[in-house]
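A.B. asks: Below is the sequence, then the predicted model.
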Amino acid sequence: MNQKTSFDIIVIGGGPAGIMAALHAAKNGSSVCLIDRKEKIGYPVRCGEGIGLKGFGVSTSIKEEWIRCKVETLKLHAPSGKTVSVKNGFNGFVIDRVKMETDMTNEAIQTGVYFLSGAEVTGSAKNGALYTCTTSKGVLTAKCLILADGIESKIARFYDWKTSLPLKDIHTCATAIVSDIDVTTDTCELFLGQNIVPGGFIWIFPRSSTSANIGLGISGKYSTPGKPLKLLNEFLSTHFPKATITEIHAGGVPMGRWLRPLVKDGVMLVGDSARQVNCLNGAGINYSLFAGKTAGTIAAQSINGNSCNYKILKRYEKIWAEKFGKQQERSYSLKEEMIHFTDKFMNEMADAILLRKKGKMSLMKLFLKAFSSKPVLMYKAYKLFTS
Amino acid sequence: MIIKVNVGICDRCGTCIAVCKNDSISMQKDSVFIDRERCLHCGSCSNVCPVSALKMDE
């Protein structure tokens, strides 16, 4: 059987950003090919699977069957071992990403998207008015490309984007799916401390009352070969010695500013490949869904209007910059400061918070306190939490 | 000095590819592959590898 090789739009990468881009491009009338290197959608999960409710609702509605746990409380563990609980510190869900991505991909296929799985893109170039993608399953062409190839952001390098991340702007991570433990299903826990997790944090996201996604990310600046996995194993054996570990995976999270430009003639970047990640908590799903939806819609509109040049596609960049771009940059500035927090400073903060027993401690107040000697960062923290 | 890939350990997460300054690493079926002609031997990929699949060999 001869497969179709020519499309209006090719989307490379089948994560949240790529699937949304393909779905919305097809909804707006384009012929779309979505290429993913994996055979099985969404697997393996290299993610904590936590999403904020507010940001998610901007792009799509959540399905009941995607939800594992509803989370309201954020419990922070200071290096001293003292804990601070922030009610409504994390208002969102722990989701089943494989289920979510499978459903979304099926919707895209039903909308007309041609899904090419198990295909590796090894090259891409502009040939006249068309863009060619060389894959392990043949050569494909399109009038417009949407690059959603994740942390690697390798395809963008064929179009002269400099996507290599400096070590300080990447978190190197290890995550485990853990069962036979006791966890509180409405609470997500974070552990801080330069010894146990330098320049990053350990997370416990509940999957049920007896299982969790437990992982950590450390700054690339402080990493040595295999350090994330080693630290995770140490943490698990200390805190959950009787747990059953069913899966362990590695991963990286971009912690830099979002890439500028986001578009060039006929080519758009979305999701992790565009570095659209909140640098305070490493969350990227909501940004990715929004970027994918916006880029897919604008790409299809430009195909309908017969031109995919920079001038037309850059509307996506403008919309992103206004909606989440400024917020993302503020998270970057705060991360740059927080990477230098000492254990002593974090312990003092926890003690100060625990002293004020009355009154609710919001996450925003916590950040304002952390940056109290730096008015510019205080303002950025305020804007980040109020925008 | 060269970087060696331990194929059995590599989880194909691509973190090394993201930090490579000279686009020397590509994803293969079972693990990443390092193009020795392009490699600058900076060691960044090895340092960020979460599972220690990339080792500097003196």
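C.D. replies: Here it is on my side, so go on.

A.B. asks: burial count for the residue of the stretch 1-150 of chain A found nearest chain B?
C.D. replies: Closest contact between the stretch 1-150 of chain A and chain B, by Cβ to the nearest Cβ, is at A:Arg46 (6.0 Å). Every C-beta, even on glycine, is put in place using the N, C-alpha and C of the backbone. If you count neighbours by other Cβ atoms under 10 Å in any protein chain shown, A:Arg46 ends up with 24.

A.B. asks: Not counting sequence-adjacent ones, nearest residue to it?
C.D. replies: A:Gly251 (3.3 Å; Cβ to Cβ, 6 or more residues apart in numbering or on different chains).

A.B. asks: cool, A:Glu247 as well?
C.D. replies: When the adjacent residues along the chain are set aside, A:Glu247 lies closest to A:Ile177, with 4.3 Å between them (Cβ to Cβ, 6+ apart).

A.B. asks: ok, the host helix or strand of the one you found: who's next to it in the sheet?
C.D. replies: When elements are defined using DSSP states H and E, A:Ile177 is found to belong to strand A:170-179. Taking DSSP bridges as the criterion, strand A:170-179 forms sheet pairs with strand A:211-219 (antiparallel), strand A:244-254 (antiparallel).

A.B. asks: Using CSV, list the CA coordinates for that strand.
C.D. replies: Taking only C-alpha atoms (Å, rounded to 0.1, in the frame of the first residue of the first chain), the coordinates of strand A:170-179 have been written out as CSV:
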residue,chain,number,x,y,z
ILE,A,170,18.5,22.1,32.0
HIS,A,171,17.3,19.9,34.7
THR,A,172,18.4,16.3,34.5
CYS,A,173,15.8,14.0,36.0
ALA,A,174,14.9,10.5,37.1
THR,A,175,11.4,9.4,37.9
ALA,A,176,10.0,6.2,39.4
ILE,A,177,6.5,4.7,39.5
VAL,A,178,6.2,3.4,43.1
SER,A,179,3.5,1.3,44.7
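
A.B. asks: residue contacts, the residue of chain B found nearest chain A?
C.D. replies: Ranking the residues of chain B by distance to chain A (Cβ to the nearest Cβ) places B:Ser52 first, at 2.6 Å. With Cβ atoms under 8 Å, 6 or more residues apart in numbering or on different chains as the criterion, the residues that contact B:Ser52 are A:Pro225, A:Gly226, A:Leu229, A:Lys230, B:Asn6, B:Ile9.

A.B. asks: One more: B:Asp23?
C.D. replies: If a contact means Cβ under 8 Å, 6+ apart, then B:Asp23 has A:Lys154, A:Arg157, A:Ser164, B:Arg38 as its contacts.

A.B. asks: thinking again about what came up before, what's the most buried one of the strands paired with strand A:170-179?
C.D. replies: Mean neighbours per residue, mean count of other Cβ atoms under 10 Å in any protein chain shown, is largest over those for strand A:211-219, with a mean of 25.

A.B. asks: next structured bit after the helix or strand containing A:Ser288?
C.D. replies: Secondary structure here is read from DSSP H and E; on that basis A:Ser288 sits in helix A:285-304. Per DSSP H and E, the first helix or strand lying C-terminal to helix A:285-304 is helix A:310-320.

A.B. asks: There's contact between the residue of the stretch 1-150 of chain A closest to chain B and A:Cys173 in this structure, I believe.
C.D. replies: Yes: with contact defined as Cβ atoms under 8 Å, A:Arg46 counts as touching A:Cys173 (7.3 Å).

A.B. asks: Quick check: neighbours shared by the two?
C.D. replies: Counting by Cβ under 8 Å, 6+ apart, the shared contacts of A:Arg46 and A:Cys173 are A:Ala250, A:Gly251.
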